[in-house]
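Colleague: Everything below, folded, please.
(chains A and B)
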Amino acid sequence: MSERQITFEVLRYNPETDDKPWVQTYAVPCQEEWVVLDAINYIKDHLDTSLSYRWSCHMAVCGSCGMMVNGEPTLSCKAFLRDYKGNTIRVEPLTHFPIERDLVVVLDDFMEKLTSVKPYIIPKKEKPVEEGEYKQTPRQLKNYKQYTMCINCMLCYAACPQYGLNDEFIGPAALALTHRYNLDSRDGGRSQRQEVVAQHEGVWECSFVGACSEVCPKDVDPAGAIQQMKIASTVDWYLEHLMPWRGK
Amino acid sequence: MSRKPYVREVPKATWYMRNGRYLRYMAREVTCIFLALYMAGLTIGLVRLMQGPDKWETYLAGVSSTPAVIFHLIAFGFACYHAKSWFDVTPKAMRIPQGNDFVPGRIIVGTHYGIWGGVSLVALVLMGVL
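Modeller: A predicted model of the protein is given here:
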């Protein structure tokens, strides 16, 4: 196995001692098959135990290790070093989020937004357990399955310029999950979610840059979900105004 | 220990300079300005037509001038780019069920080009060009 010396420029921030973030460089002897996360683990284990970052599964499932790698929102466990040319890689915490410490960002805002869209099945009609399961055809599953793949890694928020400019925006992942439940044949909670979705900070804050879908590591396509919800919300508005008796 | 999160401000005026995909987005949006200018010119033409033959001839002379032709060529180029950039993303907004899957994106994009070409053809026939 060949070894490659790479300099990692890591953005550091210690809230107890620093007024603003600063860059620290580490020379890391990297193995050919490593990903960026391996190099950061090497730094933590061998060079600097004070470096803080989140990670867990190392296989693009947990969504914890999202970072800006050379300015691009990336899961560091999926960022193979062989795909990076040159001998310097810059690693920063996900942009658009406040920095808690080093590469750890504050996710409180996202958690509140996720809660606000009620990301769970709200049955059209509750039925007792004795009546059996809620059945679903493969076609009905296909309708929303893509949007279930979200791992809440926040790369889409880091890529979304609208969220960067206005953090009131509900944002890509929370809206994609809203769409996921709205499309589920077992769900009847769309009208409850519309209050959040149809407001200005909901789907209408999105100007369809599409960056969220480009960086999504699970091909969820939040941009598509948001555009489809815009169309549905527009149809709602016209039906409400042209056929007011429908809602009665 | 008290928390002291550090907030990195996004530059309000130059945010789209941060990477290529933001620039592509701005190109898609900004090209519509040329479409608006073209429509304004067309509206002026309709007004001149209502005002009588003299005004109409003056308008025709104006749009036949070299600067006007150059503007129309540039506007046409940007209109094509604007249309292409929107056609390319139509499959995201249009999820049309087909059996146990969805209509492929290339069919949706291709249909848009087909309709665009068809309407252009009809317009050219009505104008007597073809």
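Colleague: mind giving me the domain split of chain B?
Modeller: What automatic domain parsing lists as the domains of chain B is B:12-81, B:88-130.
Colleague: Compute the first-to-last residue distance for the last one.
Modeller: To tie it back to what came earlier, the one meant is domain B:88-130. Start-to-end span of domain B:88-130 (C-alpha to C-alpha, to the nearest Å) is 29 Å.
Colleague: and if you look at the first one?
Modeller: With C-alpha to C-alpha as the measure, the ends of domain B:12-81 fall 26 Å from one another.
Colleague: all strands in chain B, in order from the N-terminus.
Modeller: For chain B, the strands defined by DSSP state E occupy B:97-98, B:101-102.
Colleague: Ok, which of these comes nearest residue A:79?
Modeller: strand B:101-102 (30.5 Å; C-beta to C-beta). For the C-beta atoms, the positions are set from N, CA and C on the backbone; glycine is no exception.
Colleague: Please list the residues of chain A that sit near chain B.
Modeller: A:13, A:15-16, A:18, A:20-21, A:71-72, A:95-96, A:98-100, A:106, A:138-139, A:142-143, A:161, A:164-165, A:207-211, A:213-214, A:221, A:223-224, A:227-228, A:230-231 (C-beta under 8 Å from any C-beta of the partner chain).
Colleague: Can you tell me which of those are buried?
Modeller: A:13, A:15, A:21, A:95-96, A:98-100, A:106, A:143, A:161, A:164, A:208-211, A:213, A:221, A:223-224, A:227-228, A:230 (16 or more other C-beta atoms under 10 Å in any protein chain shown).
Colleague: In strands only, show me those.
Modeller: Members of these lying in strands (criterion: DSSP E): A:99-100.
Colleague: ok, how many other residues are close to residue A:162?
Modeller: 21 (other C-beta atoms under 10 Å in any protein chain shown).
Colleague: any idea how chain A splits into domains?
Modeller: With automatic domain parsing as the reference, chain A has domains A:3-105, A:108-247.
Colleague: average pLDDT across the longest one?
Modeller: Right, domain A:108-247. For domain A:108-247, the mean per-residue pLDDT is 95.
Colleague: Likewise for stretch B:79-94?
Modeller: Mean predicted confidence for stretch B:79-94 is 94.
Colleague: Any buried residues in that stretch, and which?
Modeller: B:79, B:82, B:85, B:87, B:89, B:91-94.
Colleague: do the longest helix belonging to chain B and chain A meet?
Modeller: Assignment by DSSP state H gives helix B:20-50 as the longest helix of chain B. Yes - against chain A, helix B:20-50 shows contacts by C-beta under 8 Å from any C-beta at B:21-22, B:25, B:29.
Colleague: Can you select the buried ones among the residues you listed for me in PyMOL?
Modeller: Buried residues among the residues of helix B:20-50 next to chain A (16+ other C-beta under 10 Å), as a PyMOL selection:
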select buried, chain B and resi 21+22+25
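Colleague: pLDDT for the residues of helix B:20-50 next to chain A - can I get that in TSV?
Modeller: Below are the residues of helix B:20-50 next to chain A laid out as TSV (pLDDT from 0 to 100):
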residue	pLDDT
B:21	94
B:22	96
B:25	95
B:29	94
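Colleague: Specify which member of the residues of helix B:20-50 next to chain A is nearest to residue A:77.
Modeller: Using C-beta to C-beta, residue B:21 comes nearest to residue A:77 of the residues of helix B:20-50 next to chain A, at 22.8 Å.
Colleague: just checking, which of the buried residues of stretch B:79-94 belong to helices?
Modeller: B:79, B:82, B:85, B:87, B:91-93.
Colleague: The helix or strand containing residue A:28: partners in the sheet, and parallel or antiparallel?
Modeller: Using DSSP states H and E, residue A:28 sits in strand A:22-31. Sheet pairing of strand A:22-31 (DSSP bridges) gives strand A:3-12 (antiparallel).
Colleague: what about the partner strand, distance to the chain center?
Modeller: Taking C-alpha atoms, centre = their mean, to the nearest Å, one finds the center of strand A:3-12 at 25 Å from the center of the full chain.
Colleague: try stretch A:158-172
Modeller: With C-alpha atoms, centre = their mean, you get 11 Å for stretch A:158-172.
Colleague: One more: stretch A:17-35?
Modeller: 24 Å.
Colleague: Identify all contacting residues around that stretch.
Modeller: A:1-13, A:38-39, A:42-43, A:47-48, A:76-82, A:90, A:99, B:6, B:8 (C-beta atoms under 8 Å, 6 or more residues apart in numbering or on different chains).
Colleague: which non-adjacent residue is nearest residue A:177?
Modeller: Spatially, and ignoring its direct neighbours in sequence, residue A:177 is nearest to residue A:119 (4.5 Å; C-beta to C-beta, 6 or more residues apart in numbering or on different chains).
Colleague: Sweet, I'm off.
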